[in-house]
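[1] fold the following for me, if possible:
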Amino acid sequence: DFKKSLMPLFGNTFSPKKTPPRKSASLSSLHTLDRSTREIELGLESGPPAMNLGGQSWKFEDGQWISESGGNTSTKEVQRLKKRNQQLEEENNLLKSKIEVLMDMLTETTVEYHLMEKEIEDMKTQHRRKK
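    Residues are numbered from 1 along each chain as shown. Below you'll find the predicted structure:
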């Protein structure tokens, strides 16, 4: 009865009001600047990304960072270091695999040793009972 008395107050159907569409606003304020100010802010040509690290200039081209300044390390040196790094990673993976195999062998040998030890104990116990 109480529920029926409240229903006319709230209405029988749920019909939310439609919200007005939002105006799309750009997050960038560059569109408000005139052309000359944009050129000063962005430069005439942006070109590939570049950075300066430890006195060396680097430019991002064809998916790789390339040294522009030719400072302390040459491109040949970088390639040699990359090759050496690859070799060391492969050696590391091989050594990890070898360690895993050795651990498996050690575990198997330890289990066999304990089984043999138990067999010897059992044989000693049976021999004592026969006497």
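[2] now the closest residue to Phe60 other than its chain neighbours: phi and psi?
    Distances taken as Cβ to Cβ, 6 or more residues apart in numbering place Pro49 nearest to Phe60, at 4.4 Å, with adjacent residues excluded. Where you see a C-beta, it was placed from the backbone N, CA and C, and this is true even at glycine. When quoted as degrees, to the nearest 10, the phi and psi of Pro49 stand at phi -60, psi 140.
[3] Trp58 now?
    phi -130, psi 140.
[4] what sits against it?
    Trp58 makes contact with 50-52, 65-68, according to Cβ atoms under 8 Å, 6 or more residues apart in numbering.
[5] that older thread, would you confirm that the residue nearest to Phe60 contacts Glu61?
    No - using Cβ atoms under 8 Å, Pro49 makes no contact with Glu61, being 9.3 Å away.
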